[in-house]
Every structure is written in structure tokens, then in C-alpha cells.
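Q: Starting from these lines, generate the structure:
(2 chains)
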Amino acid sequence: MVTQKVGVGAHYGLRDWLAQRITAVVITLYVALVIVMMFARGGEPVDHAAWHSLFARGWFRVVSFVFLIAVYYHAWVGLRNIFMDYVKPTGVRLLLQTLVICALIGYTGWAIQVLWGIA
Amino acid sequence: MPTAPRPVDRPRPVYLDLFHIRQPIPAIVSILHRVSGALLFLIGIPLGLWALQTSLLSAEGFERVHDAFTSPLAKLVLLVLAWSFFHHLIAGVRHLLADVHIGLDLPAARRSAAIAFVLALLLTLAVGARLW
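A: Numbers count the residues shown, from 1 in each chain, chains lettered A, B, ... in the order given. Here you go, the predicted model:
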């Protein structure tokens, strides 16, 4: 039987909860934009030239970057929730959270390299 | 900061044998939302960045990404990712609707969970049909 409840936490739950929703909306809008753009091509297959010219546009690079940052933040909140629920030893949880943060920072650099490194 | 333990209003039972609890469909959709999210992080993000980078590099790179997904194993990975994407997106939209109080009563929640589950599978099937 559960007879006691313990209040713990740093009380940033609401901020993370809200960030999870806002980033989810940004991600969904980007997916919708890409689907609309694909339909606008009228079923014409995407080749390298079309693909390259799409990402050569400055606004699409920026929008794609915002999408990727939203994905990373969203992933961080989700993974942290998973770790908090299933990984009980504090040291292991801290290690996993550190690995995820390092990966996401690395992915941010990679995203910049990909989006603004286009010839 | 932990606060001092307080007594609960009524003692609650602990019964968490996952293999004996018959999971209702919203619970199944919920745990799959987590599984699909984890898969998208572990495989989706790095594979997506690699595919984007390589496909933008040159026409040969574009072909290389295309050819990378011709083996049955690679197709299977892509199919799992497609399912993860669809399930996570649809179940996520369902969550957002719940946040604005749409579909909160139990029959509606069960129905929308079933719709999310089936719709993700159907879209995955469509991707599979295109891949093979």
C-alpha cells in the first residue's frame, strides 16, 4: 500500500510541459508545409536539382533549422521523462541525460553544417 | 527540494505487474508513443541528418541515399522509422487535442486511441507497399 507521498522536483514541470506542446506544434506545421510543397509539385518526382534548389533558399534553411531545434528540444523533454520514469539509479540517469544533451548539441552543429554548408 | 512525506487521503494499492494488467487501448497507444519517440531519437535524427547531408552534397550523393535503402534490412529499418514517425505524430496530435479538451470522455478517448493506432499502421503499410 502507498501510505506516504513525497513532493520532489525543481518545479520546472510546467515549463517543460508547455515547451513539449509548442515544439510539437512547430514540428507538425513543418511536416504540413513539406507535405503541401510535395503536393504542389503535382506528383513530379524529386531529383537532386529540385532538392538542392529547395534547400538553397535562405528562408527554407532558416525554417528547417527552427524545425530541427524544435525536434531536439522536444526529444530532450521526452527522453528526460522516460529516464525519470524508468531509470532509478541517480548516477545512471545523470549519465544518460548527459549523453543525450551532448548528442543534441552535436546534432545542432551538424544541422548548421548541413544547412549552411550547401554549395 | 523534497518535502516531508504526507499521508495520502486513502491508502492506494500497488499492483504493477505489467504482464497481468490487461492494458486498455489508450495505454497501448501511450506506451507506443514513448517507444516510437525513443526510436526517432536513436535512429531517426542521426539517419535523417546523414541522409539530408549526403543527398544535398551532389547528384551522386542523392543516388547514394536512394541506393542505401534497397537492401531488405535497410527497408525494414525505414519501415520501423516510418511507423515511429506516423504513430508519434498522430498520437501527439491526439494529445494536443486532449489538451484543448477535445475527446476527453472515456468512449471518445478509446475511439481516438484506436484510430491513431490503426491509422499509423495503415500509413506504414502504404510506405511498405512503395518500398517493396
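
Q: Show me which residues of the helix or strand harbouring A:Trp59 are buried.
A: Applying DSSP states H and E as the criterion places A:Trp59 in helix A:58-86. Of the residues in helix A:58-86, A:60-61, A:63-65, A:67-83 count as buried by neighbour count, 16 or more other C-beta atoms under 10 Å in any protein chain shown. Just so you know, the C-beta spots here come from the backbone N, C-alpha and C atoms, and that holds for glycine as well.

Q: Leaving out sequence neighbours, find the closest residue to the spatially most central residue of chain A.
A: By C-alpha atoms, centre = their mean, chain A has its centre lying nearest to A:Val71, at 1.1 Å. Closest residue in space to A:Val71, ignoring its immediate chain neighbours: A:Ile27 at 6.1 Å, by C-beta to C-beta, 6 or more residues apart in numbering or on different chains.

Q: In the chain, what residue spans correspond to strands?
A: Chain wasn't specified; assuming chain A. Assigned by DSSP state E, the strands in chain A fall at A:2-5.

Q: hmm, I had chain B in mind actually
A: Along chain B, counting by DSSP E, strands occupy B:6-12.

Q: who in it is up against chain A?
A: Neighbours of chain A within chain B, by C-beta under 8 Å from any C-beta of the partner chain: B:1-3, B:5-8, B:11-14, B:34, B:37-38, B:40-41, B:45-46, B:49, B:52-53, B:55-56, B:58-59, B:61-63, B:89, B:92-93, B:95-96, B:99.

Q: Which ChimeraX command selects the buried ones in these?
A: The following ChimeraX line selects those of the residues of chain B next to chain A that are buried, judged by 16+ other C-beta under 10 Å:
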select /B:34,37,38,40,41,45,49,52,53,55,56,61,62,89,92,95
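
Q: Return the subset of the residues of chain B next to chain A lying in helices.
A: If you go by DSSP state H, these have B:34, B:37-38, B:45-46, B:49, B:52-53, B:55-56, B:59, B:61-63, B:89, B:92-93, B:95-96, B:99 in helices.

Q: What pLDDT is listed against B:Val8?
A: B:Val8 carries a pLDDT value of 74.

Q: quick one, what contacts the closest residue to it other than its chain neighbours?
A: In space, B:Val8 comes closest to A:Lys5 once its chain neighbours are excluded; the distance is 5.4 Å by C-beta to C-beta, 6+ apart. Taking C-beta atoms under 8 Å, 6 or more residues apart in numbering or on different chains, we find A:Lys5 in contact with B:Pro5, B:Arg6, B:Val8.

Q: now the end-to-end length of stretch B:66-76.
A: End-to-end distance of stretch B:66-76: 15 Å, with C-alpha to C-alpha, to the nearest Å as the criterion.

Q: what comes into contact with it?
A: B:Ala51, B:Leu78, B:Leu131, B:Trp132.

Q: Taking helix B:45-57 as reference, get the angle to the helix holding A:Trp59.
A: 160 degrees (axes from the mean of the first three to the mean of the last three C-alpha atoms, to 10 degrees).

Q: Quickly note the distance from the closest residue to B:Arg64 other than its chain neighbours to B:Ile43.
A: Leaving out its chain neighbours, the residue that sits closest to B:Arg64 by C-beta to C-beta, 6+ apart is B:Thr54, at 5.8 Å. Counting by C-beta to C-beta, to the nearest Å, the gap from B:Thr54 to B:Ile43 is 16 Å.
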